[in-house]
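In: the sequence isn't on hand, but the structure is:
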């Protein structure tokens with residue numbers, strides 16, 4: 001599998017579809033008032049944490065460590081409903097982790113993006129594509145929060 005260079009990602013239809021889906025999902029979340037926070041000002045350091053640091057650390061932990069480990073467990077690399085068992089389990093854990101600090105309805109919305117991040121990890125054997133997409137998704141989400149404030 002090729003290394004995840006920008007040139008490769010820019011030709012990956014799956015990655016491009018995931019990028020294109022971001023604004024659609026942001027609009028739907030915004031339009032349905034699922035945003036839990038309104039009227040909040042974010043400092044530059046908070047935005048840096050929410051848009052860059054947290055997504056990178058989450059991808060390293062979930063897709064790098066957990067999914068990476070599970071991919072080596074017998075039977076977890078088998079695709080079930082087009083995704084690996086390692087991806088399904090990791091995405092359930094990722095969603096459960098978000099329930100700790102996010103309302104359950106909003107936390108459940110991270111399940112599908114998590115499956116997308118996991119598929120990128122499986123395709124490229126790297127966390128870099130999922131980090132890029134995760135940062136992009138968080139940027140759009142938090143731009144909505146700023147706009148709604």
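Out: Alright, I've got the coordinates. These figures come from a predicted structure and were not determined experimentally.
In: ok, and the closest non-adjacent residue to residue 56?
Out: Spatial nearest neighbour of residue 56, excluding adjacent residues (CB to CB, 6 or more residues apart in numbering): residue 131 at 5.3 Å. Any C-beta I mention is one placed from the backbone N, CA and C, and that applies to glycine too.
In: average pLDDT across the helix or strand hosting the one you found?
Out: According to DSSP states H and E, residue 131 maps onto helix 128-148. Averaged across helix 128-148, pLDDT comes to 88.
In: before we move on, back to that, tally of neighbours for the residue nearest to residue 56?
Out: Using other CB atoms under 10 Å, residue 131 has 23 neighbouring residues.
In: in contact with it: list those residues for me.
Out: 55, 56, 59, 60 (CB atoms under 8 Å, 6 or more residues apart in numbering).
In: need the contact list for the last one.
Out: Counting by CB under 8 Å, 6+ apart, residue 60 makes contact with 127, 131.
In: follow-up on the earlier one: among the contacts of residue 131, name the buried ones.
Out: 55, 56, 59 (16 or more other CB atoms under 10 Å).
In: I'd assumed residue 135 was in contact with the second one.
Out: Yes: contact status for residue 56 versus residue 135: in contact at 7.2 Å, counting by CB atoms under 8 Å.
In: so which residues of this structure form strands?
Out: 79-80, 83-84 (DSSP state E).
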